[in-house]
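K.L.:
have a look; sequence and predicted model below, questions after that.
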Amino acid sequence: MCTNCGCQGDKATVVDLQTGDTAAIPVLHQHEGDVLHSHSHGSHHHADNYDGPNHHAHDHHGPHHHAHEHHGPHGAPPSAGVTIVDMETRILAKNDALAAKNRAWFAGREILALNLVSSPGAGKTTLLERTIRDLAGELPLYVIEGDQATAKDGERIRSAGASVVQVNTGTGCHLNADMVARAVPMLKPGSGAVVLIENVGNLVCPALFDLGERAKVVMFSVTEGEDKPLKYPYMFRAATIVILGKVDLLPHLDFSVAEAIANVRRVNPEAKILQISSQTGEGTAGWYDWLRSELSSARQSAFG
Amino acid sequence: MHELSITCSIVELVAETAKGRKVHRVTVEIGQLSGVVSDSIAFWFPEVARGTEAAEASLEIREVAALARCETCGSEFPTPSMLSVCPCGSYQFRRLKGEELNVKSIELEEAL
């Protein structure tokens, strides 16, 4: 997305916290000058290099882009000198095409990729830290950390013992498939790994942007209120699993677990729901079992 | 906030198709349950389009009303919100319309 106008971040960056290597996410198009994309549609047309670092800057229209122009009687142009081009293109086609590529890449390596989303402060990083410590030596866990700024969460993950790449989105409010595609070659997850993608804390924007994950893990905590699923139905509807966190605090709060679960069910009757405390470890066994079973499915479906 | 990046995607798709030709009009389709706020797209469009082929284009937004078919009683019913349920009380239904997020067409100056 465009860096100049700020829509995907003022200076979005990817940082490999193992090596300190940093890469800026390049500008997709220029706002200066008269012609947008002059670099990708200029006098020299680039060869198809979908896997290259600038793959997205080229002339890929995505799987649903079949623009065709009407001239003359079929198009019935409203006035002379005007051509109507039927596009019928999904606005998110490019992100979806990149996400599909990520998904195929993960599937081919029997990797389980998960997209973790929640509001800020719900406890995603703390759950990941505990998971990394508890499953050390059992599951190969890799983390992509998304935040607007700082590598603070990335450093926490690294201290817990997992390889991590920090993506800073600048002004961007969500990760997109391109950012994941740039983070993965730095992260270098091995075959059969689990890649946990911690999205920017936000229950609105990440719902629309497929990253190529196998499942969305949506968290909310008992300090947030039972009505979160009703207030953010898009996100909760997209969840494969919903984790209700910080349940060790329940004795101190006026929070109805039954009501919270009923609200999840109302927007997403199929989601698996777990109650967890990353502090005490309560309920984490169910989360680990789910991870093991999803990884096993990801491995089985690799050649399916 | 994601409407800004959605608007960037619209302008990007339009500019790629226009290939230097001036764009007079952009027509997009936004479903009632697409998760995108039309007014916000309309707000961002002139800002994002500045300096591009679509700088002077008008933006036409066609909002698509959401509709579902109940799997219990078989009737079609409007679903203006994500929390809408069938009038028969069923939560089991299939969404038919309302999740669109498409660039429908653009009007360009004729190629020379």
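P.N.:
Arrived safely, thanks for sending.

K.L.:
A:Glu129 falls within a helix, correct?
P.N.:
Yes: under DSSP: H, G, I helix; E, B strand; the rest coil, A:Glu129 sits within a helix.

K.L.:
what is the burial count for residue 111?
P.N.:
Going with chain A. Neighbour count of A:Ile111, defined by other Cβ atoms under 10 Å in any protein chain shown: 23. Where C-beta positions appear, they are placed from N, C-alpha and C, glycine not excepted.

K.L.:
to clarify, I was referring to chain B.
P.N.:
When neighbours are counted by other Cβ under 10 Å, B:Ala111 registers 10.

K.L.:
what about it, which SS state?
P.N.:
Three-state call for B:Ala111 (three-state DSSP): coil.

K.L.:
that one and B:Glu60: what is the separation?
P.N.:
From B:Ala111 across to B:Glu60, the span is 22 Å (Cβ to Cβ, to the nearest Å).

K.L.:
just B:Val37 next, same as before
P.N.:
Following Cβ to Cβ, the distance that separates B:Val37 from B:Glu60 is 16 Å.

K.L.:
and what of A:Glu259?
P.N.:
Distance from A:Glu259 to B:Glu60, by Cβ to Cβ: 43 Å.

K.L.:
and these two? Which one has more around it.
P.N.:
Set A:Glu259 next to B:Glu60 and count neighbours by other Cβ under 10 Å: B:Glu60 wins out with 14 against 11.

K.L.:
now the element after the helix or strand hosting that one, going C-ward?
P.N.:
Element membership for B:Glu60 (DSSP states H and E) is strand B:58-64. Sequence-wise, the next helix or strand downstream of strand B:58-64 (DSSP H and E) is strand B:67-70.

K.L.:
quick one: strands adjacent to that next one?
P.N.:
Strands that pair with strand B:67-70, judged by DSSP bridges, come out as strand B:76-78 (antiparallel), strand B:93-97 (antiparallel).

K.L.:
pull the helix or strand with minimum mean pLDDT from chain A.
P.N.:
Within chain A, no helix or strand scores below strand A:68-70, which has a mean of 60 by mean pLDDT, DSSP states H and E.

K.L.:
tell me the buried residues in the helix or strand just after it?
P.N.:
Counting by DSSP H and E, the next helix or strand C-terminal to strand A:68-70 is strand A:82-90. Across strand A:82-90, burial judged by 16 or more other Cβ atoms under 10 Å in any protein chain shown covers A:Thr83, A:Ile84, A:Val85, A:Asp86, A:Met87, A:Thr89, A:Arg90.

K.L.:
same thing with stretch A:100-118?
P.N.:
Using 16+ other Cβ under 10 Å as the test for burial, stretch A:100-118 gives A:101-103, A:105-107, A:109-118.

K.L.:
among those residues, which ones are in strands?
P.N.:
Among the buried residues of stretch A:100-118, the members falling in strands (DSSP state E) are A:Leu112, A:Ala113, A:Leu114, A:Asn115, A:Leu116, A:Val117.

K.L.:
which parts of chain A are helices?
P.N.:
For chain A, the helices defined by DSSP state H occupy A:93-108, A:124-134, A:152-160, A:177-187, A:228-231, A:233-238, A:257-267, A:284-301.

K.L.:
can you give me the helices in chain B?
P.N.:
Taking DSSP H as the criterion, chain B carries its helices at B:3-18, B:38-49.

K.L.:
quick check: angle from the longest one to helix A:93-108?
P.N.:
Our comparison of helix B:3-18 with helix A:93-108, counting by axes from the mean of the first three to the mean of the last three Cα atoms, to 10 degrees, yields an angle of 100 degrees.

K.L.:
return the distance of helix B:3-18 from the chain's centre.
P.N.:
12 Å (Cα atoms, centre = their mean, to the nearest Å).

K.L.:
show me what that helix is packed up against.
P.N.:
strand A:82-90, helix A:93-108, strand B:23-31, helix B:38-49, strand B:101-109 (3 or more Cβ pairs under 8 Å, 6 or more residues apart in numbering or on different chains; DSSP states H and E).

K.L.:
right, and those - which one's nearest B:Cys86?
P.N.:
For B:Cys86, the closest of those is strand B:23-31, at 18.9 Å, according to Cβ to Cβ.

K.L.:
let's check: the centremost residue of the chain is which one?
P.N.:
Since no chain was named, I'll use chain A. Centroid-nearest residue in chain A, with Cα atoms, centre = their mean: A:Leu211, separated by 4.1 Å.

K.L.:
that's the wrong chain, I wanted chain B
P.N.:
Most central in chain B (Cα atoms, centre = their mean) works out to B:Ile30, at 2.3 Å.

K.L.:
residues in contact with that one?
P.N.:
Neighbouring residues of B:Ile30 by Cβ atoms under 8 Å, 6 or more residues apart in numbering or on different chains: B:Val36, B:Ser38, B:Ile41, B:Ile61, B:Arg62, B:Glu63, B:Val64, B:Glu100, B:Leu101.

K.L.:
out of those, which are close to chain A?
P.N.:
By Cβ under 8 Å from any Cβ of the partner chain, the members of these lying near chain A are B:Val36, B:Leu101.

K.L.:
what's the closest of the contacts of B:Ile30 to chain A?
P.N.:
B:Leu101 (4.8 Å; Cβ to the nearest Cβ).
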